[in-house]
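J.: what follows is a protein structure lacking sequence information:
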């Protein structure tokens, strides 16, 4: 099984079970855009792998996941704060990316 390199996830294959640990304990494993993209890449890489029969997802540091990363949300808001286009929703891309990851799962 090919497992992509990840900075925010720990991956361990045990027989037919892939163990995925959300690994941002300093942020209570809040999902940053980087983590969401790594999860999307992971699920894409294993979608046709018949050796992977189950996936266990857990969090490190005593927390599963605090939700979305507020720092990413603040960055999205700041990126359009100086824009002249006030019709731009700074959270649209964040929500679409997260929704795409959930659909991939």
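T.: Okay, I see it. In this text, all values refer to a predicted model and were calculated from it rather than measured experimentally.
J.: among the helices and strands of the protein, which has the poorest mean pLDDT?
T.: helix 70-81 (a mean of 75; mean pLDDT, DSSP states H and E).
J.: packing partners for that helix?
T.: Here helix 70-81 touches helix 92-104, going by 3 or more C-beta pairs under 8 Å, 6 or more residues apart in numbering; DSSP states H and E. Heads up, the C-betas are built off the backbone N, CA and C, glycines and all.
J.: what's in contact with the helix it packs on?
T.: If you take C-beta atoms under 8 Å, 6 or more residues apart in numbering as the criterion, helix 92-104 is touched by 31, 33, 36-37, 39-40, 43-44, 47, 68, 72-73, 76.
J.: so which bits of that helix are buried?
T.: Under the neighbour-count criterion of 16 or more other C-beta atoms under 10 Å, helix 92-104 has 94, 98, 101 buried.
J.: now stretch 2-20
T.: Of the residues in stretch 2-20, 3, 6, 8-9, 11, 18, 20 count as buried by neighbour count, 16+ other C-beta under 10 Å.
J.: out of those residues, which are inside strands?
T.: 9, 11, 18, 20 (DSSP state E).
J.: separation between the second one and residue 74?
T.: I take that to be residue 11. Residue 11 sits 29 Å away from residue 74, going by C-beta to C-beta, to the nearest Å.
J.: now residue 91. Nearest residue, chain neighbours left out?
T.: residue 76 (6.0 Å; C-beta to C-beta, 6 or more residues apart in numbering).
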